[in-house]
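1. next one to model:
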Amino acid sequence: MKLLILAVSILYFVTSSLSVVPISDKFERFQSLSRLGLVDLDDSSYEHLTSKPRDYHAAVILTATEARYGCTICRDFQTEWELIARSWNKGPKPEGLKLLFGTLDFNNGRGTFQKLMLQTAPVVLLFPPTVGPYARIDSSPARFDFSGPITADQLYSWIDRHLPEGPKPQLVRPVNYVRLVSIVTIFMGVFTLFTVSSPYILPILQNRNLWAAVSLIAILLFTSGHMFNHIRKVPYVAGDGRGGINYFAGGFSNQFGMETQIIAAIYGVLSFATIALAMKVPRMADIKAQQLAVVIWGAILLGIYSFLLSIFRMKNSGYPFFLPPF
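-> Residues are numbered from 1 along each chain as shown. Next comes the predicted model:
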């Protein structure tokens, strides 16, 4: 009886010691099969990777990258998934924290897709370890479903939240040399073009009359309510209920698109009349022509401003000001 108990004890310790080795070898074997930090899986290797016991985390993306399946997100995210795996394997990790990244394409894992009853792709499953210092009682995987296009940073943050606390490798994007060379080339081209054409462009850019005209146009646009029209999406005109058209909306807090253009034109004429009286008329050498110009521009200023006040009274009958002839 003692010999039988001794034999059973020896057999237990031998099997226990042997069972520890395959768990460690399991991680090392999959690590050696990885390409760019990723393990290409099929139904069999997926079962082996996610089977218990495991002393590592396993992040597996179930995807369908072939064009015939029409999964644009799958194809677009493949490079982002490779970036996550590559960044993790190159960066420093906490002692004892193991993480494997795997890819199970639909062509190689139809049985797994059917077993998990997946109707859409891609889906990321994160399996926790069942033995070791980071083991969890609940060994069911965390699941990440794609509601739309996402970046590697978003998924990497989700994975980080499900891993034990501690410093993790940073997500490092490789330098896009093609884009860098393109930007430098475009910059040099623009600089060369500016250098060659500067004798012709600078006098135009330094012209005060040009900047005054641009500033005046911008002021007229914004003071007449152009931005209000874009924000409120106001109608251009509206009917008056009697078969006619209203160009002006009632109330100071409402307006039509046509009304804005009319007001901008009125402001423009008033501005031009004021500028002419202040700058052009005093420079006229002929006294009679100067007097005639003062009368004409003064009459235009009076008539247009009178019309502007009448529009204010039209929009709000309580407006107290008016000016003949309107």
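
2. so where is this protein shaky, pLDDT-wise?
-> For the chain, the stretches flagged by pLDDT under 70 are 1-24.

3. show me where it has strands.
-> 38-41, 57-63, 99-105, 123-127, 142-145, 238-239, 245-246 (DSSP state E).

4. in its sheet, what does the last one sit against?
-> In the sheet containing strand 245-246, its partner strands are strand 238-239 (antiparallel), by DSSP bridges.

5. just the fourth one next, same as before
-> Strand 123-127 has these partner strands in its sheet, going by DSSP bridges: strand 57-63 (antiparallel), strand 142-145 (antiparallel).

6. out of these, which is the most enclosed?
-> Of all those, strand 57-63 has the most neighbours on average by mean count of other CB atoms under 10 Å, namely a mean of 24. Bear in mind the C-beta positions are built from the backbone N, C-alpha and C, glycine included.

7. quick one, it and strand 99-105 angle?
-> Calculated by axes from the mean of the first three to the mean of the last three CA atoms, to 10 degrees, strand 57-63 forms an angle of 20 degrees with strand 99-105.

8. now do the domain split for this protein, please.
-> What the record gives for the chain is the domain set 21-162, 208-315, from the TED database.

9. make JSON lines from the strands of the chain and add distance to Ser51 to it.
-> What follows is the strands of the chain, written out as JSON lines (distance: least, CB to CB, whole Å):
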{"stretch": "strand 38-41", "distance to Ser51": "13"}
{"stretch": "strand 57-63", "distance to Ser51": "10"}
{"stretch": "strand 99-105", "distance to Ser51": "13"}
{"stretch": "strand 123-127", "distance to Ser51": "10"}
{"stretch": "strand 142-145", "distance to Ser51": "18"}
{"stretch": "strand 238-239", "distance to Ser51": "72"}
{"stretch": "strand 245-246", "distance to Ser51": "77"}
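
10. nearest to Glu165, out of the strands paired with strand 123-127?
-> strand 57-63 (13.7 Å; CB to CB).

11. other residues contacting the closest one?
-> With contact meaning CB atoms under 8 Å, 6 or more residues apart in numbering, strand 57-63 is reached by 41, 46, 49-50, 71, 74, 77-78, 81, 97-106, 109, 112-113, 116, 118, 121-129, 134, 159, 163.

12. mind checking how far it is from the chain centre?
-> Averaged C-alpha coordinates place strand 57-63 at 27 Å from its chain's average position (CA atoms, centre = their mean, to the nearest Å).

13. chain center to stretch 283-295, what's the gap?
-> Stretch 283-295 sits 60 Å away from the centroid of its parent chain (CA atoms, centre = their mean).

14. CA atoms of it as CSV?
-> The C-alpha trace of stretch 283-295 is given here as CSV (Å, rounded to 0.1, in the frame of the first residue of the first chain):
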residue,chain,number,x,y,z
ARG,A,283,-8.9,117.1,-55.8
MET,A,284,-11.0,118.4,-58.8
ALA,A,285,-9.4,121.5,-60.3
ASP,A,286,-12.6,122.8,-62.0
ILE,A,287,-14.6,124.7,-59.5
LYS,A,288,-18.0,124.3,-61.3
ALA,A,289,-17.4,120.6,-61.9
GLN,A,290,-16.5,120.3,-58.2
GLN,A,291,-19.7,122.0,-57.1
LEU,A,292,-21.8,119.8,-59.5
ALA,A,293,-20.1,116.7,-58.1
VAL,A,294,-20.9,117.8,-54.5
VAL,A,295,-24.5,118.3,-55.4
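
15. ok, back up a step: quick one, which of the domains of the chain is packed in tightest?
-> Burial among those, expressed as mean neighbours by mean count of other CB under 10 Å, is greatest for domain 21-162, which shows a mean of 16.

16. quick check: Leu323 touching Leu309?
-> Yes. The pair Leu323 / Leu309 is scored as a contact, 5.3 Å apart, by CB atoms under 8 Å.

17. can you tell me how far Leu99 is from Leu126?
-> Leu99 sits 9 Å away from Leu126 when distances are taken as CB to CB, to the nearest Å.

18. actually Ile61, not the one I typed
-> From Ile61 over to Leu126 the distance is 10 Å, taken as CB to CB.

19. now Asp76, nearest residue through space, not along the chain?
-> Closest residue to Asp76 apart from its sequence neighbours, by CB to CB, 6 or more residues apart in numbering: Pro149 at 6.4 Å.

20. and that neighbour, its phi and psi?
-> Note on Pro149: its backbone torsions stand at phi -60, psi 130 [degrees, to the nearest 10].
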